[in-house]
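Colleague: Need a 3D model of the sequence below.
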Amino acid sequence: MPKGGKKGGHKGRMRTYTSPEEIDAQMKEEKERKKEEEEGAAVNDNQSEDKLTGSGSEDSDDEGSEKRKGVEGLIEIENPNRVAQKAKKVTDIELEGPKQLSRREREEIEKQKAKERYMKMHLAGKTDQAKADLARLAIIKKQREEAARKKEEERKATQAAAAATKGLHTLSLK
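Modeller: From the prediction side, this is the model:
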């Protein structure tokens, strides 16, 4: 069940709807305000063109001021502690300077280097784990060779037995 129950309104208030006449009146007011703003902007553009052709000292003031949000544009603030942020150019940024790494970054780099050293030693067979792996591989290789040799001997024995039975069979037929 929706919040507020069956009656719909919040704490007994009745719902109010705007009439179509009120909506039309609001739309007209908005259009008039937009027209006034556009006309005001056109007048400001003409005044700014006159200023551009006028003295050059006013131009530097206009360029130095940046667009402010909300009420900041209306109220002039003189805060001595406020520092204006300057845009840094790509050429001004120092890339060659030694970058100080954080402790976590340093530890991560050291960890990667240690892992690489271990892998090189492991591939060369110098670590304990690599030696154990090689020994285990040698044992498995010997077991497989012995199994292959036994299988070959069994195959030869079965062939010899088959040949002997054929020989006896042919002798008995003669």
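Colleague: Is T18 within a helix or a strand, and which one?
Modeller: Under DSSP states H and E, no helix or strand contains T18.
Colleague: burial count for it?
Modeller: T18 has 9 neighbours, counted by other Cβ atoms under 10 Å. To be clear about C-beta, it is placed using only N, CA and C from the backbone, and glycine gets the same treatment.
Colleague: Show the model's pLDDT score for it.
Modeller: As predicted, T18 sits at a pLDDT of 86.
Colleague: After the helix or strand of the chain with the lowest mean pLDDT, heading C-terminal, what element do we hit next?
Modeller: In the chain, no helix or strand scores lower on mean pLDDT, DSSP states H and E than helix 57-64, which sits at a mean of 45. Going down the chain from helix 57-64, the next helix or strand is helix 103-124, by DSSP H and E.
Colleague: helices or strands next to that following helix in the packing?
Modeller: helix 128-173 (3 or more Cβ pairs under 8 Å, 6 or more residues apart in numbering; DSSP states H and E).
Colleague: what about the helix it packs on, average pLDDT?
Modeller: 88.
Colleague: centre of the chain versus it, how much separation?
Modeller: 58 Å (Cα atoms, centre = their mean, to the nearest Å).
Colleague: which other helices and strands contact that helix?
Modeller: Applying 3+ Cβ pairs under 8 Å, 6+ apart, one finds that helix 128-173 contacts helix 103-124.
Colleague: between the helix it packs on and helix 128-173, how many degrees?
Modeller: If you take axes from the mean of the first three to the mean of the last three Cα atoms, to 10 degrees, helix 103-124 sits at 30 degrees to helix 128-173.
Colleague: Check what contacts helix 103-124 and list those residues.
Modeller: L101, T127, Q129, A130 (Cβ atoms under 8 Å, 6 or more residues apart in numbering).
Colleague: go again using 6 Å as the cut-off
Modeller: Here helix 103-124 makes contact (Cβ atoms under 6 Å, 6 or more residues apart in numbering) with T127, A130.
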